[in-house]
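S.K.: 3D, please:
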Amino acid sequence: MAREKPKKNPAGQIFSVRGFKAAGIGAGIKRNGAKDLALILSDSPATVAGVFTKSAVRAAPVLLDIERIKRGTSRGVVVNSGNANACTGRRGLKDAEAIVTFAEKALGLKNGELLVASTGVIGVPLPAEKIRSSLPALFQNLKPSGWTDAAEAIRTTDAFPKIAFAKKRIPGGRTISLLGMAKGAGMICPSMATMLAFFATDAPLTAASLKKALVTSVEKSFNRITVDNDTSTNDTVLIFANGLAGGSPLKPGGSGYAVFSKLLDELSLRLSHMIVKDGEGATRFIEIEVFGAKSRKDAELAAFLVKTAFFGADPNWGRVMAALGSSGADFRQDRVDIYFDGIKVVKDGMDAGKEKQAARAIKKKEVRLRVDLKRGKSSSLKLWTSDLSYDYVRINSSYRS
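M.R.: Numbers count the residues shown, from 1 in each chain. Predicted coordinates for the structure are as follows:
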């Protein structure tokens, strides 16, 4: 399977959210001249919430945003690709702050109203002057329909830009819009969010309510995907809510908040699946479900299973059993059942005699692996991953060149 290509919107829809503009241009950060600088801007102060990498090595923009986001409001974010501005010391922090300060002054914003994000090569100083000199052109390209350009500009090894959009009527007659865009294809492993993702909505929410919804959605989507078991230094998910849909803030426990949360869950899941399907060198999209675990923690430990056999479409259940054994999950070997696309290949920890049928089943581009630990009745967990192919090694062997 070639890496998945973007699907055209059948209605030819132009993505936009009331009160937001976006842009994406080439600033010369990438050697190939592709778009590499983006901006998301709200016409008015927006409530903001974010989730960031749990890595002990954090990029300068992550450190800056963690402090700025405490105010609970923001006007938007400047994003560059091609350079991570990570492991760049004090210079990296100064460069990140200088870029957003220049942008704030040029746009007539208050100090601290813009956030910043970066993605790309680690350990290389940010070309701050190149970015700064490109900002006026970026501002000129801002428009309500500029999301496709912005999504293109945040790509690194991504095969395609990733955007999800939806509208929904909430109780009271209001219609809310939510748009999300993400980048990610490598360094994908649950330890917060494992990529960059940005959401914009016209729904009215407080910072606390917005953060609650975001954390819940990230846990069920971006924290349930893995490509190569690497967590990045720059992982960031931001959501901006400008409230232009009108009305009082949506509160947890209310029907309007429930509608918004479900919408955010759906778009987060769609974007996270796009990331897995775009996994570097991926040929298969794999859903792993562990059920019958003694606890949720055991389900989580067991779910991050071996990936090696999927590329060759080999129903090598022995690798799955071996991975379970080293996972730390509480289970009994003689009670485990394993299914490849609905075909039971292991019964009570032993060969079920269905390997030939399973081999045919998992030649598909989307494969489902189910593991029943038979230790509990309620604890289960799903995650999504891709196989590792020769192309994964090829892509990462020359990423910096």
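S.K.: Output the host helix or strand of residue 80 in CSV with nothing but the alpha carbons.
M.R.: Secondary structure from DSSP states H and E places residue 80 in strand 73-83. The C-alpha coordinates for strand 73-83 follow below in CSV (Å, rounded to 0.1, in the frame of the first residue of the first chain):
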residue,chain,number,x,y,z
THR,A,73,-6.7,33.2,26.3
SER,A,74,-4.8,33.6,23.1
ARG,A,75,-5.2,35.1,19.6
GLY,A,76,-3.5,32.2,17.8
VAL,A,77,-0.2,30.4,17.0
VAL,A,78,2.7,30.7,14.6
VAL,A,79,4.0,27.3,13.4
ASN,A,80,7.1,26.4,11.4
SER,A,81,8.2,23.1,10.0
GLY,A,82,11.7,22.1,8.9
ASN,A,83,13.3,23.0,12.2
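S.K.: And it, what's buried?
M.R.: For strand 73-83, the neighbour count (16 or more other Cβ atoms under 10 Å) marks 73, 74, 75, 76, 77, 78, 79, 80, 81, 82, 83 as buried. To be clear about C-beta, it is placed using only N, CA and C from the backbone, and glycine gets the same treatment.
S.K.: same for it, what does it pack against?
M.R.: Contacts defined by 3 or more Cβ pairs under 8 Å, 6 or more residues apart in numbering; DSSP states H and E place strand 73-83 against strand 37-52, helix 89-107, strand 114-121, helix 147-153, strand 196-201, strand 236-241.
S.K.: Residues contacting the last one, please?
M.R.: For strand 236-241, the surrounding residues in contact (Cβ atoms under 8 Å, 6 or more residues apart in numbering) are 20, 40, 42, 46-53, 61-62, 65, 69, 74, 76-77, 115, 117, 192-193, 196-205, 210, 213-214, 218, 222, 264.
S.K.: That strand: what's the following helix or strand?
M.R.: For strand 236-241, the following helix or strand on the C-terminal side (DSSP H and E) is helix 255-277.
S.K.: where does the stretch 151-300 of the chain have low pLDDT?
M.R.: The stretch 151-300 of the chain contains residues with pLDDT under 70 at 185-194, 227-231, 279-283.
S.K.: swap the cut-off to 50 and go again
M.R.: 186-189, 192-194, 228 (pLDDT under 50).
S.K.: So the residue of the chain most remote from its centre versus residue 347, what's the distance?
M.R.: Within the chain, residue 353 marks the point farthest from the mean C-alpha position, 38.8 Å out by Cα atoms, centre = their mean. Going from residue 353 to residue 347 by Cβ to Cβ, to the nearest Å gives 9 Å.
S.K.: roughly how far apart are the closest residue to residue 63 other than its chain neighbours and residue 29?
M.R.: Leaving out its chain neighbours, the residue that sits closest to residue 63 by Cβ to Cβ, 6 or more residues apart in numbering is residue 93, at 6.5 Å. Distance, residue 93 to residue 29, using Cβ to Cβ: 18 Å.
S.K.: Comparing the two, which residue is more hemmed in?
M.R.: Ranked by neighbour count (other Cβ atoms under 10 Å), residue 93 and residue 29 place residue 29 first, with 23 against 16.
S.K.: care to break this structure down by domain?
M.R.: 20-277, 285-397 (automatic domain parsing).
S.K.: Turn these into TSV, including distance to residue 14.
M.R.: Listed next are those as TSV, based on distance: least, Cβ to Cβ, whole Å:
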stretch	distance to residue 14
domain 20-277	5
domain 285-397	28
